[in-house]
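S.K.: how does the following fold in three dimensions:
(chains A and B)
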Amino acid sequence: MKQDISLSCPVPHAPERTVTLAHGSGGRLMHKLIADIFLKAFDDPALHEAHDGARLEPCPDRLAFTTDSFVVRPMFFPGGDIGSLAVHGTCNDLAMCGAQPMYLSCGFIIEEGLCLDALEAAAKSMAAAAAEVGARIVTGDTKVVERGKGDGIYINTAGVGRIVALNPVSPQRVRPGHAVIVSGDVGAHGAAILSVREGLAFETGLKSDAGHLWPAVRELLEADVDVACLRDLTRGGLATTLNEIAAKASCCISIDEEKVPVRREVEGACEMFGLDPLYMACEGRLAAFVPPDHADRALAALKAAGCAPVVVGSVNDRPAGEVRLKTRIGVERVLDMLSGEQLPRIC
Amino acid sequence: MKYLDEYRDRRSAQRYAKLIKALVKKPWTVMEVCGGQTHAIVRFGIDQMLPPQLSLVHGPGCPVCVTPIELIDRAIAVSRRPEVVFCSFGDMLRVPGSRGSLLEARAQGADIRVVYSPLDAVAVAQQLPERQVVFFAVGFETTAPMTAMAARQARSLGLPNFSLLVAHVLVPPAMEAILSSPSNKVQGFLAAGHVCTVAGFADYEPLARKYQVPMVVTGFEPLDIFQGLAMLVRQLERGTCAVQNQYSRSARAEGNQAAIALVREVFEPCARQWRGIGPIPQSGLRLRQAYSSLDAEKRFQVEGVKASEPKECLAGEVLRGLRKPRQCPAFGTLCTPDNPLGAPMVSSEGACAAYHRYHR
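M.R.: Residues are numbered from 1 along each chain as shown, chains lettered A, B, ... in the order given. Purely as a prediction, here's the structure:
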């Protein structure tokens, strides 16, 4: 029997839109990736120049400069994604120096096999987050690592900001008597990530608090609040941040647990897993230290920026370097920094 | 938040503190058995609101703390095998064995994964048929039903690559070991509300009678603990030794019958070594014959691994209520949460860790 032999090429299998090692090789695919995804999303004249670096406009003010790297699982979570987080995080660090975010760089380390649509979505949300605060993404870099050598995607952003605050905003300026203000409810970012984490998923309407803090800082500065220190409450939450400041400022920070705003859903999630909301991460909340006679003005300014601020405590001189917590039932105790990550309880 | 704020109300707590002060006439030493209660007591500062005559000592109710060092070493030995995926509750990872912890083994390349339920480990075994998946089954009567369910599921799914490293322990035998010790100081117990919710508290009556100590099954919120203490002090002052139930919104004398039946189907009581305390008869659970093929200690032949405790750690005396964490010379110096000598400094339910975190 005669066998039918086809000499034509089989129809090629439609390639899945994923990042391959070739996308990091410096060749045509890499240029296509940059043009199709990053240039399209960020669309900045400095990037279109395709130079080795960005040449920036001169600025008469002092500058703030910071960098941060972002790793988050899952890549997309309720209320944000790794792209928006990478912009919010670095811009917020600038804002904490009393600086308006101006320029950002972004470095992508991408694991081979990452879906291109996901990368594009993250780049678009970076662009949207940068536009929201008026910052420009002016330079960047892409590397691709072999499958298994990364965690989907890592993003590093560095940022330059123009310092607007007249007095230095720094822990060294924190003094006994200062009021401690938080700009809103704490722990929602940590709880939202927890709710979608592999092996732990639970149903909730909870969203991350991730967002820009510059608008809040701008309001504070425009209202002539003498802001001694600002700090965004990221990893380790309010408790860790206050410990860092207390140590740096050599003073004691006392807060009242009852006054710290925590959303019901966050409190519920924390109770379920045996976690303390005071240590849960936020990505769009700050603690402000202001002289007592500026506290009311600070609260009004933060409210004008759309925050729900609360005075949670005050600064004392002793015991230096310590944070004291008045518990729900009215007893005072130390509020320490944790040794490592908070772990869900066994039973 | 509803069902939470009511139990943490500042004014009610102050009223209870006043009531307890009025009730206490003589000095008393009482033990809260469960590490979760110890944690709540120091987290909220309940102990600081009590009269000085009422002394709280912290019991052995922390599953991480009482798991013998030998079992930690065996867990590490199993986890280092290339074919093994070792699944554990997160709290166990930092507990020091005689040479390092599971966390260190993971950093050196062991495939160790944190799970939140033994059923997650069963799912891993289904997903990775070419690997051996071992679950480190620690905990009291509260977690044993989950392990039993995992064992039953693994058997009905016919999973040849799933096994259990069993370290389950039972509370009443440990309470009896404390009461029968010649150095015992405990005059009354706050019994662990969640353990009693699962296992009931019928077993406590004979203990209370035999050793003439009152017991109050107690919950975990500040007002639960205050109320439990008030009930206990009232009994102590009157000289009665009944078993009372403060945690009636959750615990029943007969317990959760379905959970008890499941545990009985899979496990049988056995003698068990408690870290820092020693062997206690009938205080552990081991797999019954029908489930013995799931025994990881046999499957990976680690029964020969032996180890002993570091001498500087006085965890045993802390766990039996003979010493407070701060009375240990290593507390806060040689032994800290960053560099723990013993398990009570590691676990969120451990008394030493609770003191270090909240009580300085």
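
S.K.: now for B:Ala230: which residues touch it?
M.R.: By Cβ atoms under 8 Å, 6 or more residues apart in numbering or on different chains, the residues touching B:Ala230 are B:Tyr16, B:Leu19, B:Ile20, B:Leu23. Where you see a C-beta, it was placed from the backbone N, CA and C, and this is true even at glycine.

S.K.: nearest spatial neighbour of the second one, skipping sequence neighbours?
M.R.: Think B:Leu19. In space, and not counting its chain neighbours, B:Leu19 is closest to B:Ala230: 5.6 Å by Cβ to Cβ, 6 or more residues apart in numbering or on different chains.

S.K.: the one you found sits in which helix or strand?
M.R.: Using DSSP states H and E, B:Ala230 sits in helix B:222-238.

S.K.: so for the next helix or strand after that helix, mean pLDDT?
M.R.: The helix or strand immediately downstream of helix B:222-238 is strand B:243-245, counting by DSSP H and E. For strand B:243-245, the mean pLDDT works out to 98.

S.K.: next one: stretch A:69-79
M.R.: For stretch A:69-79, the per-residue pLDDT averages 92.

S.K.: ok, residues contacting it?
M.R.: Residues contacting stretch A:69-79 (Cβ under 8 Å, 6+ apart): A:81-82, A:85-86, A:89, A:118, A:121-122, A:151-157, A:188-189, A:192-193, A:195-198, A:206-210.

S.K.: in contact with whatever residue of chain A ends up closest to chain B, which residues?
M.R.: Using Cβ to the nearest Cβ, A:Val331 is the residue of chain A that sits closest to chain B, at 2.7 Å. Listed by Cβ under 8 Å, 6+ apart, the contact set of A:Val331 reads B:Phe44, B:Gly45, B:Ile46, B:Gln48, B:Met49.

S.K.: change it to 6 Å
M.R.: B:Gly45, B:Gln48 (Cβ atoms under 6 Å, 6 or more residues apart in numbering or on different chains).

S.K.: cool, and A:Gly150?
M.R.: A:Gly150 neighbours (Cβ under 6 Å, 6+ apart): A:Glu111.

S.K.: and it, what helix or strand is that in?
M.R.: Using DSSP H and E, A:Gly150 falls outside every helix and strand.

S.K.: need the phi and psi values for it.
M.R.: phi -150, psi -180 (degrees, to the nearest 10).

S.K.: tell me the predicted confidence for it.
M.R.: At A:Gly150, pLDDT is 87.

S.K.: okay, now the residue lying closest to A:Cys229 once chain neighbours are set aside: neighbour count?
M.R.: Leaving out its chain neighbours, the residue that sits closest to A:Cys229 by Cβ to Cβ, 6+ apart is A:Phe289, at 4.2 Å. By the measure other Cβ atoms under 10 Å in any protein chain shown, the count of residues near A:Phe289 is 27.

S.K.: how about the strands of the stretch 151-300 of chain A, start to end?
M.R.: Here the stretch 151-300 of chain A has its strands, by DSSP state E, counting those that start in this stretch, at A:153-163, A:179-182, A:229-232, A:252-256, A:286-290.

S.K.: for the second one, packing partners?
M.R.: What that stands for is strand A:179-182. strand A:286-290, strand A:310-316 (3 or more Cβ pairs under 6 Å, 6 or more residues apart in numbering or on different chains; DSSP states H and E).

S.K.: what's the most buried one of those?
M.R.: The highest mean neighbour count among these, using mean count of other Cβ atoms under 10 Å in any protein chain shown, belongs to strand A:286-290: a mean of 26.

S.K.: walk me through which strands that one pairs with, and which way each runs.
M.R.: Using DSSP bridges, strand A:286-290 pairs in its sheet with strand A:179-182 (antiparallel), strand A:229-232 (antiparallel).

S.K.: other residues contacting the first one?
M.R.: Contact partners of strand A:179-182, identified using Cβ under 6 Å, 6+ apart, comprise A:Ala287, A:Ala288, A:Val290, A:Pro292, A:Ala295, A:Ala298, A:Pro309, A:Val310, A:Val311, A:Val312, A:Gly313, A:Ser314.

S.K.: ok, how many other residues are close to the fourth one?
M.R.: The burial count assigned to A:Pro292 is 12, neighbours taken as other Cβ under 10 Å.

S.K.: OK, contacts around it?
M.R.: Counted by Cβ under 6 Å, 6+ apart, A:Pro292 has contacts A:Gly177, A:Ala179.

S.K.: just want the residue of chain B that's nearest chain A.
M.R.: For chain B, Cβ to the nearest Cβ, closest residue to chain A: B:Gly45, 2.7 Å.

S.K.: what residues does chain B have near chain A?
M.R.: B:1, B:8, B:10, B:13, B:44-45, B:48, B:63, B:89-91, B:116, B:120, B:139, B:142-143, B:222, B:337-338, B:348, B:357-358, B:360 (Cβ under 6 Å from any Cβ of the partner chain).

S.K.: show the buried residues in those.
M.R.: Among these, the ones that count as buried by 16 or more other Cβ atoms under 10 Å in any protein chain shown are B:8, B:13, B:44-45, B:48, B:63, B:89-91, B:120, B:139, B:142-143, B:222, B:337, B:348, B:357-358.
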